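In: here's a sequence, model it:
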Amino acid sequence: MADDIPDLELDIKGGQKPTNDDWIVDYDMEAFPKSEPQLESPGTERRRGFRETCTGAFLEAVWYNAAIIILLLCWAALILVELFLLPGLETIKTYVGYALHIYFVFELLLRVCVYNWMDEYRAGNVKWYALDALLLFAAIGVEIAVRFPSLIPLQADLYLQLGISLGRIVVRIYIGYIGLLKGARRLVGGNKRRFIGGGFDLDLTYIEPQLIAMGLPSIKYEGLYRNPLKEVQRFFNTRHARKYRIYNLCEERDYPEEGFHGRVKRFGFDDHNPPPLSLLVRLCNEASLYLKQDKHHVVAIHCKGGKGRTGVVTAAILMRLHMDWYAEKALLKFAVMRTDDDVSQAKRVGVDGPSQRRYVEYWEKIRAISYRKSMEILSHRGPKCKFKRLSLYNINFFDGLLAGSRGTRGSHDFQGDLTFASWTLMVTNYWYNPKLGREEKKSYIFNTDAKDRKPLAEGLSFNIRSWEKKSSQLELTGDVRFQVYPANIQVYTKTPAFCEFWVHTSFLSKSGQFILRKTDLDRVFRDTKIDNEFNVQLTYDPFEGDVWDLDDET
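Out: A predicted model of the protein is given here:
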């Protein structure tokens, strides 16, 4: 495993570059729940589960189970043709039957060798596999008996074979349904590590013995390809009864919480975005206190897919539990543990969004600050930052369309307006309201003026003005989200942002200018059509003094 750790040149505390072994922490193996892959000592590989090592994984693939059902239907059709239309097909049907029986015997032996039958029994699947095996051997018995005409006439043989085949089709449709569900869930789960064991197959990972990352518990049709809500309830109520807490990070999704007996907490925020810093502080404080109350307490974090938002919060909690950890280490810990063993480093399931990673770094700096002081600073009482201007440079066009825009206006595709006359900037401010006990927000929209239109080489700028006080600058404190749209969003309301980023005013430097490269900007950081020299410059009047006393203790 050590060979897979990136050799990064990092400026970390103490000025010392971490070695490969510094990224992985050695844990007591007995502390991990059984059947869950985990990290062993530094530099060694994790134990692999069934799905990573067995050669029969295709038995649960979607394509395989669909193909088997189609094959059995064709076999039944061949019997019907011989029975009612072409009796001369007996020889062809016989050889085809031999081939099918040999293959299904091989498949049965493979299932016996590779399946964890105790898990299948707990999941209620064994009876269906047993019935399928019984019908298979009955079909083989009939095929042998027909070689002795005195025992069974041909006509009776065909009817028996047809009945057995139809019975197998029904059984295999259900077995295929089981396989389709497993395959669909793993397909949707992608490269994420799953919990397989004890009758469970869930998009769920133990990052640490007390810390779980998972996908959304789902109901109705969504439960067919995501974590079924009832299975998630059974998992926590049997493995961690009365000693767990679940944090739902989905702003857009909900589910019935009765089966969790009041142990679900809502801390929702938008997908592909970081949480407001006050929300992250509140969540980490609450979760870490709960974990410290009892060594058997478990905290589970989930968003929709269990990746971006989940990774941000999980990394923050890791840094709260391990005060000597830094942001990059916590993020890599999450990525390594959340990803299957046999997935390459480039495809690891981790936190990719630049703003999300920036907020984990913010948390690294303030995690030792007392909770009370942190919330006072984050409750809209901190010094206000006066924003003046946002400028974009090195925007490029491709084939008459804005690179990366993907036809942002639907039927009115953006056709490379070099005047930038219709571009829009949305600025959203988030802060914590202690009276309401939650975050509030307010948005401001700015359009380019005639004097702001510049040639392509010079870029695009927005003057950020305050309407309320009629001053030349917008004064804000707290979390600020900047979104640039290549259209007038008051007209084209469904236009996605071209680029965006989050900052917290208390971490802006005293230079009065914040420059973000392409790799620092959400939405465009992966877009190969965007010029690598593309950058955004935010200018502001810095406030006096330091907001955070980084020598303060918890």
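
In: would you map the helices across the stretch 151-300 of the chain?
Out: 154-189, 229-239, 277-293 (DSSP state H, counting those that start in this stretch).

In: between those, which has the poorest mean confidence score?
Out: Among those, helix 154-189 carries the lowest mean pLDDT, a mean of 73.

In: that older thread, just name the most buried of the helices of the stretch 151-300 of the chain.
Out: helix 277-293 (a mean of 20; mean count of other C-beta atoms under 10 Å). Using the backbone N, CA and C atoms, a C-beta is placed for each residue, glycine as well.

In: next one: that one to chain centre, how far?
Out: Relative to its chain's centre, helix 277-293 lies at 22 Å (C-alpha atoms, centre = their mean, to the nearest Å).

In: so what does that helix touch, helix or strand wise?
Out: Here helix 277-293 touches strand 244-250, strand 264-269, strand 298-302, helix 308-321, helix 354-366, helix 371-376, strand 424-433, going by 3 or more C-beta pairs under 8 Å, 6 or more residues apart in numbering; DSSP states H and E.

In: so it versus strand 424-433, what angle?
Out: If you take axes from the mean of the first three to the mean of the last three C-alpha atoms, to 10 degrees, helix 277-293 sits at 40 degrees to strand 424-433.

In: pull the CA atoms of helix 277-293 into PDB?
Out: Output of helix 277-293 as PDB, limited to C-alpha atoms (Å, rounded to 0.1, in the frame of the first residue of the first chain):
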ATOM      1  CA  LEU A 277     -17.800  27.100   8.600                       C
ATOM      2  CA  SER A 278     -20.100  27.500  11.500                       C
ATOM      3  CA  LEU A 279     -22.000  24.400  10.500                       C
ATOM      4  CA  LEU A 280     -18.800  22.400  10.300                       C
ATOM      5  CA  VAL A 281     -17.700  23.700  13.800                       C
ATOM      6  CA  ARG A 282     -21.100  22.700  15.300                       C
ATOM      7  CA  LEU A 283     -21.200  19.300  13.700                       C
ATOM      8  CA  CYS A 284     -17.600  18.400  14.600                       C
ATOM      9  CA  ASN A 285     -18.000  19.600  18.200                       C
ATOM     10  CA  GLU A 286     -21.200  17.600  18.700                       C
ATOM     11  CA  ALA A 287     -19.800  14.400  17.000                       C
ATOM     12  CA  SER A 288     -16.500  14.400  18.800                       C
ATOM     13  CA  LEU A 289     -18.100  14.900  22.200                       C
ATOM     14  CA  TYR A 290     -20.500  12.000  21.500                       C
ATOM     15  CA  LEU A 291     -17.500   9.700  20.500                       C
ATOM     16  CA  LYS A 292     -15.600  10.600  23.600                       C
ATOM     17  CA  GLN A 293     -18.500   9.700  25.900                       C
END
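
In: so which of the helices and strands packed on helix 277-293 is nearest Arg523?
Out: Closest of the helices and strands packed on helix 277-293 to Arg523 is helix 354-366, at 9.5 Å (criterion: C-beta to C-beta).

In: list the buried residues for that closest one?
Out: Across helix 354-366, burial judged by 16 or more other C-beta atoms under 10 Å covers Pro354, Ser355, Gln356, Arg357, Arg358, Tyr359, Val360, Tyr362, Trp363, Glu364, Ile366.

In: in JSON lines: the helices of the stretch 151-300 of the chain, plus distance to Thr428.
Out: What follows is those, written out as JSON lines (distance: least, C-beta to C-beta, whole Å):
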{"stretch": "helix 154-189", "distance to Thr428": "31"}
{"stretch": "helix 229-239", "distance to Thr428": "32"}
{"stretch": "helix 277-293", "distance to Thr428": "14"}
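
In: out of the ones you listed, which is closest to Arg372?
Out: Of those, nearest to Arg372 by C-beta to C-beta is helix 277-293, at 9.9 Å.
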